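>>> Coordinates for the following, if possible.
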Amino acid sequence: MLKGQKALVTGANSGIGRATAVALGRAGADVVVNYVAGREEAERVVEEITALGVRAMAHEADVSDEDQVVAMMNRMVQEFGTIDILVANAGMQRDAPFVEMTLAEWQKVLDVNLTGQFLCAREATKEFLRRGVVPEVSRAAGKIICMSSVHQIIPWTGHVNYASSKGGVQMMMATLAQELAPHKIRVNAVAPGAIKTPINRSAWETAEAREELMRLIPYDRVGDPDDIANAVVGLASDLMDYVVGTTLYVDGGMTLFPGFATGG
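From the prediction side, this is the model:
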């Protein structure tokens, strides 16, 4: 499906990023596994991808640092020749009640979750524009997939920095999609709901927590990282070549506001 394409996945040494990097490799893409900490985990992801018969390499970079992002993209182009797919996945939480949240906690989350996606998308777009469309590889000059969240539209008490960053991702994605579509660059987003990752283990690990969580998920299960990875692979492929500027919610129905199923 993605044979011969070159992909970069940020925050790819664990959770959704890891599953996505492996799924892209399984679909035939060569993959750069970005990480900011956890080199051993990143190298294990590289080993898993290369075992599929494609190329992979790990690259340490803080996506909120402009110089590090530029250096990462330069290395990818040098090693792999180009980039066809960017999955801007790196993200973080620094939770606190609003009046207790520090400026540093606010700024760090915005720097990684929003500015990091901006920097990676900007550098990838430069290469997309330089190279243009290669029809035997893809119908698009490039694909950018922004990792957002259901909290781009669902407010989240105690997480104002995270929710604000994801709301920003939604509008950045749509604006980039509008600007870049004439250049045959497709920009879309995936918005996960509750997914079994280390970042939210407390929300699904115990029976009590799961029961509480199920009140928010009509489909009655917590998502797996592969649910998100499969959506990313689909959006990156030519099967969805006419999908531009769309957020794909992968959430088991969380954004259907299940509290209103018997009320209102």
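>>> Tell me the buried residues in whichever helix in the chain runs longest?
If you go by DSSP state H, the chain has its longest helix at helix 160-180. Buried residues in helix 160-180, counted by 16 or more other Cβ atoms under 10 Å: 160-170, 172-174, 176-177, 180. (Each C-beta comes from the backbone N, C-alpha and C, glycine too.)
>>> which parts of the worst-scoring helix or strand of the chain on mean pLDDT are buried?
Using mean pLDDT, DSSP states H and E, the weakest-scoring helix or strand in the chain turns out to be helix 207-214, at a mean of 82. For helix 207-214, the neighbour count (16+ other Cβ under 10 Å) marks 213-214 as buried.
>>> Give me the next element, helix or strand, following that helix.
Once the chain leaves helix 207-214, the next helix or strand it forms, by DSSP states H and E, is helix 225-236.
>>> Give me every residue in contact with that following helix, excluding its own residues.
1-2, 5, 7, 15-16, 18-20, 22-24, 27, 29, 85, 87, 143, 145, 147, 188, 190, 192, 195-197, 240, 243, 248, 250 (Cβ atoms under 8 Å, 6 or more residues apart in numbering).
>>> who's in contact with the helix or strand just after that helix?
Using DSSP H and E, the helix or strand that follows helix 225-236 in sequence is strand 247-250. Residues from elsewhere that reach strand 247-250 (Cβ under 8 Å, 6+ apart): 148, 150, 152, 170, 173, 188-193, 223, 227-228, 231, 235, 255.
>>> What mean pLDDT does strand 247-250 get?
In this model, strand 247-250 has a mean pLDDT of 98.
>>> Likewise for stretch 82-101?
97.
>>> same check, this time on stretch 16-23
Stretch 16-23 comes out at a mean pLDDT of 98.
>>> pull the CA atoms of it into PDB?
Provided in PDB are the C-alpha atoms of stretch 16-23 (Å, rounded to 0.1, in the frame of the first residue of the first chain):
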ATOM      1  CA  ILE A  16       0.400   5.300  19.400                       C
ATOM      2  CA  GLY A  17       3.600   6.500  17.800                       C
ATOM      3  CA  ARG A  18       5.200   3.100  18.100                       C
ATOM      4  CA  ALA A  19       2.200   1.300  16.700                       C
ATOM      5  CA  THR A  20       1.900   3.800  13.800                       C
ATOM      6  CA  ALA A  21       5.600   3.400  12.900                       C
ATOM      7  CA  VAL A  22       5.300  -0.400  12.800                       C
ATOM      8  CA  ALA A  23       2.100  -0.200  10.800                       C
END
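>>> From the rest of the structure, what touches it?
By Cβ under 8 Å, 6+ apart, stretch 16-23 touches 7, 9-12, 31, 33-34, 41, 45, 48-49, 52, 56, 87, 89-90, 147, 192, 195, 197, 224-226, 228-230, 232-233.
>>> still on that earlier bit, may I have the least confident helix or strand of the chain exported as CSV, CA atoms only?
Only the C-alpha atoms of helix 207-214 are listed here, as CSV (Å, rounded to 0.1, in the frame of the first residue of the first chain):
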residue,chain,number,x,y,z
ALA,A,207,-12.0,-2.6,36.7
GLU,A,208,-13.4,0.4,38.5
ALA,A,209,-11.7,2.8,36.2
ARG,A,210,-12.8,0.9,33.1
GLU,A,211,-16.5,0.9,34.3
GLU,A,212,-16.3,4.7,34.7
LEU,A,213,-14.7,5.1,31.3
MET,A,214,-17.3,3.0,29.5
